[in-house]
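J.: This is a predicted model, with the sequence first.
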Amino acid sequence: MTIRADLHIHSCLSPCGELTMSPRAIAAAAVAAGLDLIALTDHNAAHNVPAFAAACRERGVAALYGCEATSSEEVHVLAFFEDERNAIAFGEEVYGSLPDLLHDPLGFGDQVVVDEAELIVEALQKRLISATPWSLTELGRLVHDRRGLFVPAHIDRASFSVWSQLGFLPEDDYDAVERDHHPDVRIDSGDLPVIAGSDAHEPGQIGRRWTEFEGARPGFAALRTALEARKVHVVAHE
Ligand SMILES: [Zn+2]
Ligand SMILES: [Zn+2]
């Protein structure tokens, strides 16, 4: 089957994600957009993975679990895991590494954790927009140690990308790169497969960009196989 995957979605846990981005609202919007597979990628934390997994099961949409971590170079990277346990453990490692700077919800937006019934159970206190102390290479190792996929995010964007921070994509052990397909930015990513996601912060944005590939069943294994075969392509509706 042809699998349509939106591999970059923020929930209400991300300060930039609206409170309306509850896991159930995300799963419902994904089904409405005709997506088969969605990934939760909150900034530097994965506390909403259990509620997201439950919402996806309820709606019958396949899910990947992960986060969008910030390297010490202030480059955003996407990490995808097959199982909730590894995603949660990686999220805890990443959140635990952030500096003890108190988050200001009025200035930057809420950072709320919800349970499977979508009740708010916690508001994270540390600023999720901070950088971890780990370099790109170190983050990549941590992701691969947990058998995840490691993907520099929006490499051609004007902020928090390898292009904005370094000017090029350094040699490393990437499974793919994510591109916005910005027409004015040229950054070489060799023969790495290119993916895209909506980077949605509100439900209406889900599915505005997605990654398409062939597979027997939507999920982590099909994505990994397609990336290894370099057989993925990006579809954008903007
Ligand atoms: Zn980002
Ligand atoms: Zn993002």
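T.: Good, I have the coordinates. Ligands and ions are numbered 1, 2, ... in the order given.
J.: For His144, pull up the helix or strand it's in.
T.: helix 136-145 (DSSP states H and E).
J.: what sits up against that helix?
T.: 69, 71-73, 75, 77, 79, 90, 93, 132, 134, 149-150, 152, 162, 170, 172-174 (Cβ atoms under 8 Å, 6 or more residues apart in numbering). C-betas here are computed from N, CA, C, even on glycine.
J.: Follow the chain on from that helix and name the next helix or strand.
T.: strand 149-152.
J.: contacts for that following strand?
T.: 7, 75-81, 136, 139-140, 143-144, 161-162, 169, 173-178, 195, 220, 223-224, 227.
J.: hey, which helix or strand in this protein has the poorest pLDDT?
T.: Ranked by mean pLDDT, DSSP states H and E, the weakest helix or strand in the chain is helix 105-108, scoring a mean of 77.
J.: Quick check: residues of this structure near ligand 2?
T.: Counting by Cβ under 5 Å from the ion, the chain comes close to ligand 2 at 68, 199.
J.: so where do the strands sit in the chain?
T.: 2-9, 37-43, 62-70, 76-81, 112-114, 120-123, 149-152, 177-178, 194-195, 209-214, 233-236 (DSSP state E).
J.: Would you convert those into a markdown table that also reports mean neighbour count and mean pLDDT?
T.: As requested, the strands of the chain are exported to a markdown table (neighbours: other Cβ atoms under 10 Å; pLDDT from 0 to 100):
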| stretch | mean neighbour count | mean pLDDT |
| --- | --- | --- |
| strand 2-9 | 24 | 98 |
| strand 37-43 | 29 | 98 |
| strand 62-70 | 27 | 98 |
| strand 76-81 | 28 | 98 |
| strand 112-114 | 21 | 96 |
| strand 120-123 | 12 | 94 |
| strand 149-152 | 26 | 98 |
| strand 177-178 | 26 | 98 |
| strand 194-195 | 24 | 97 |
| strand 209-214 | 22 | 97 |
| strand 233-236 | 13 | 92 |
